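**Student:** build the 3D model from these lines:
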Amino acid sequence: MLFNKLTELGFDVKIYTSTPKFKFKDEHIKSAVVFIPMFFQIIKKISSMNLWPWMKYFDQYLFDKITSIIMRDADIVYGFAFCSLSCGKKIKKKGGIYLLDRACPHVEFQNNILVEESKKSGLYFHKSGKFTLKRGVDEYRCADKIVTPSSYTKKSFLDKGFDDPKICIAPLIGKNKVSKFSKTKINKSDSVTFAFVGENLLRKGFMYVLEGWKMLGNNHNHKLIIRSNNSNIYSNKLIADLLNQKGVLIKDYYKDINDFYNEVDILCLPSIDEGFGMVVLEAMSNGIPAIISTNVGSSDLVSDKRDGLIISPKSSDEVYKAMNFFIENKEEIYNYGKQAYDSVQDVLESDKYKQALSKII
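**Tutor:** Residues are numbered from 1 along each chain as shown. Coordinates of the predicted model:
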């Protein structure tokens, strides 16, 4: 999406990427690609071995170093976090501009919030090492501007002392067509189907979804669908016990994503840390309102108590109350869903991402 938006704005773009050329179907994009392999990623692909975190960071470091050596002269480097410090330094020495894309919050803020949550929940989190943290912060300081997708992510930088003009917002929303609204009203006697989506159970607030669901009790026929491919979902004893509740269903794959959205009434994503959360917009475009936390970046585009419910993070009680609101007011599921559909239609047709990039660059 970024390449298309930049070319539409009139820029001559060269892409340095670890994705092989043959993966790109668009010939225009393919002609702009310079492939730079990440060696441990290749080993993982060939052998299916699990990589240690340091291997990922080494790949990113080496990718940046190699790219900085072979990259062409340019006026602007648009680099991604942890992969572009050397490139940014080189371009700035030659009088160019370094734009850094950081979808997630400031790395120190993110580290702290997830370490705290890991201790509380017992879910595993690999804390970034000193070298990685320093490299991330060095990128922030070197960059002329940091491009973030949301107010949540931007605030994490402002709280760390960065100047407001340096931290920009470009919501990850391209110009898209919205499918026809097809949801129907729910009868008072009907059950309600909630859904949780995500692989990173710690960041997504999964524990709070299950604890909120437990507070509903067993005297109901409602469903909670867990759409996740996380193979370690049962490894935490507390979560394993909470999964053994009435109405909880784990579904790791849908051949047709439309089948999923036809089955679901409410999306529940009370994330601890979510830079944006594209799934929220995806749900809204299918007429499905969402229960999300203030730490979900796409809450910028949700109107609380109008086309969704925005709650505090780390609160099982607020998850329960939000779920119970829709159970006791089933007519509002259709009303909220229709409003969500109408709201996101305007957002997706306006190409906010391209508009934001045109102001940043």
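
**Student:** from residue 96, how far out is the most centrally placed residue in the chain?
**Tutor:** In the chain, the centroid-proximal residue (Cα atoms, centre = their mean) is residue 277; its distance is 3.9 Å. Distance check for residue 277 against residue 96: by Cβ to Cβ, to the nearest Å, it reads 32 Å. (C-beta placed from N, C-alpha, C; glycine too.)

**Student:** re earlier: wait, what's in contact with the residue nearest to the centre of the chain?
**Tutor:** 269, 271, 292, 296, 297, 298 (Cβ atoms under 8 Å, 6 or more residues apart in numbering).

**Student:** same check, this time on residue 281
**Tutor:** Going by Cβ under 8 Å, 6+ apart, residue 281 touches 173, 298, 301, 344, 347, 348.

**Student:** repeat that for residue 272.
**Tutor:** By Cβ under 8 Å, 6+ apart, the neighbours of residue 272 are 113, 114, 117, 202, 203, 204, 205, 293, 295, 313, 314.

**Student:** what does residue 267 give?
**Tutor:** Per Cβ under 8 Å, 6+ apart, neighbours of residue 267: 194, 195, 196, 197, 279, 280, 283, 288, 289, 290, 291, 292.

**Student:** and for residue 138?
**Tutor:** Residue 138 neighbours (Cβ under 8 Å, 6+ apart): residue 85.

**Student:** can I assume it sits in a helix?
**Tutor:** Yes: Residue 138 sits within a helix when classified using DSSP: H, G, I helix; E, B strand; the rest coil.

**Student:** pLDDT score for it?
**Tutor:** We have a pLDDT of 98 for residue 138.

**Student:** and it, how close does it get to residue 126?
**Tutor:** 21 Å.

**Student:** now do residue 323
**Tutor:** Noted for residue 323: a distance of 31 Å to residue 126, by Cβ to Cβ.

**Student:** pull the number of nearby residues for the closest residue to residue 227 other than its chain neighbours.
**Tutor:** Excluding its sequence neighbours, the residue lying closest to residue 227 (Cβ to Cβ, 6 or more residues apart in numbering) is residue 197, at 4.7 Å. Look at residue 197: counted by other Cβ atoms under 10 Å, it has 19 neighbours.

**Student:** do the same with residue 47
**Tutor:** Using other Cβ under 10 Å, residue 47 is surrounded by 8 other residues.

**Student:** ok so, going back, neighbour-wise, which of residue 323 and residue 126 wins?
**Tutor:** Each of residue 323 and residue 126 has its neighbours counted (other Cβ under 10 Å); residue 323 has more, 23 against 13.

**Student:** where's that one, which helix or strand?
**Tutor:** Assigned by DSSP states H and E, residue 323 falls within helix 316-328.

**Student:** after that helix comes which helix or strand?
**Tutor:** helix 331-350.

**Student:** how does the protein divide into domains?
**Tutor:** What automatic domain parsing lists as the domains of the chain is 36-169, 193-350.

**Student:** now residue 155: which helix or strand?
**Tutor:** Element membership of residue 155 [criterion: DSSP H and E] is helix 151-158.

**Student:** please enumerate the strands of the stretch 101-250 of the chain.
**Tutor:** Ranges of strands in the stretch 101-250 of the chain, per DSSP state E, counting those that start in this stretch, are 145-148, 167-169, 193-197, 223-227, 248-250.

**Student:** list the contacts of stretch 208-218.
**Tutor:** Stretch 208-218 has contacts (Cβ under 8 Å, 6+ apart) with 194, 196, 222, 224, 239, 242-243, 245-248, 268, 270, 313-320, 322-324, 327.

**Student:** could I have the buried ones of these as PyMOL selection syntax?
**Tutor:** PyMOL command restricting the contacts of stretch 208-218 to the buried ones, with burial defined by 16 or more other Cβ atoms under 10 Å:
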select buried, resi 194+196+222+224+239+242+243+247+248+268+270+313+314+315+316+318+319+320+322+323+327
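
**Student:** now the helices for the stretch 51-200 of the chain?
**Tutor:** Per DSSP state H, counting those that start in this stretch, the stretch 51-200 of the chain carries helices over the ranges 53-70, 85-93, 107-121, 130-142, 151-158.

**Student:** cool, thanks, talk later.
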